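J.: Here is my input; please provide its structure:
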Amino acid sequence: MRQRKAQVTASEMLAEAQAVFSTIEQTPQFASSSNILLYHSLPDELPTHSIIERWSKCKNIFLPRVNGDTLDIVPLEGQLTSDNRFHIAEPQGEPIDPQVIDLIIVPAVALDPQGHRLGRGKGFYDRLLSTTEAFTIGVVMECQVVDNVPCEPHDISLNAVITSTHQFYGINNR
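T.: Below is the predicted model of the structure:
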């Protein structure tokens, strides 16, 4: 899978991101959400920088901040801090209760049609998702969808998976 991802150009990745986030904007979950948790994308993830800017004009946008083994949820207000230990820019400010979040857009290394997610191996999102009732949408490039992601008892499935050409809903009806 890494080899296939490496063959995706920046313009292809941007086109996939535009298709994915356009689809999300048309969902009832997006329409009814005021507080959205996004991620500040790494180079191998669907880019979110322009979508963060666009959505922040009509929604309250939050970003995760690493705090030990957990993720704090912090409102996006102003500049991001310098990169954390994983080289991800993070927001400054006071964290909020994750129950405030209506919709969480979740990055992944791979997703399957059942809503199982392969992350980067630290369990940050699984711990976060176990603390909230927010609707969760996993987003990846089309080449990152696999038939089956192995999962363990602590793994939290997502409610939906959206790629540039596929949408899988009603997966995890938490």
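J.: Next, the contact list for the residue most central in space within the chain, please.
T.: Nearest to the geometric centre of the chain sits Val106, at 2.0 Å (C-alpha atoms, centre = their mean). Counting by C-beta atoms under 8 Å, 6 or more residues apart in numbering, Val106 makes contact with Tyr39, Arg117, Tyr125, Leu129, Thr136, Ile137, Gly138, Val139, Leu158. Bear in mind the C-beta positions are built from the backbone N, C-alpha and C, glycine included.
J.: which element follows the helix or strand bottoming out on mean pLDDT in the chain toward the C-terminus?
T.: Ranked by mean pLDDT, DSSP states H and E, the helix or strand of the chain with the weakest confidence is helix 2-6, at a mean of 44. Next helix or strand after helix 2-6 toward the C-terminus (DSSP states H and E): helix 10-25.
J.: Show me which residues of that following helix are buried.
T.: Met13, Glu16, Ala17, Ala19, Val20, Phe21, Thr23, Ile24 (16 or more other C-beta atoms under 10 Å).
J.: I'd like the mean pLDDT over it, please.
T.: The predicted model assigns helix 10-25 a mean pLDDT of 94.
J.: how far is the helix or strand that it is followed by from where the chain is centred?
T.: Heading C-terminal from helix 10-25, the first helix or strand you meet, by DSSP H and E, is helix 28-32. Distance of helix 28-32 from the chain centroid (C-alpha atoms, centre = their mean, to the nearest Å) equals 16 Å.
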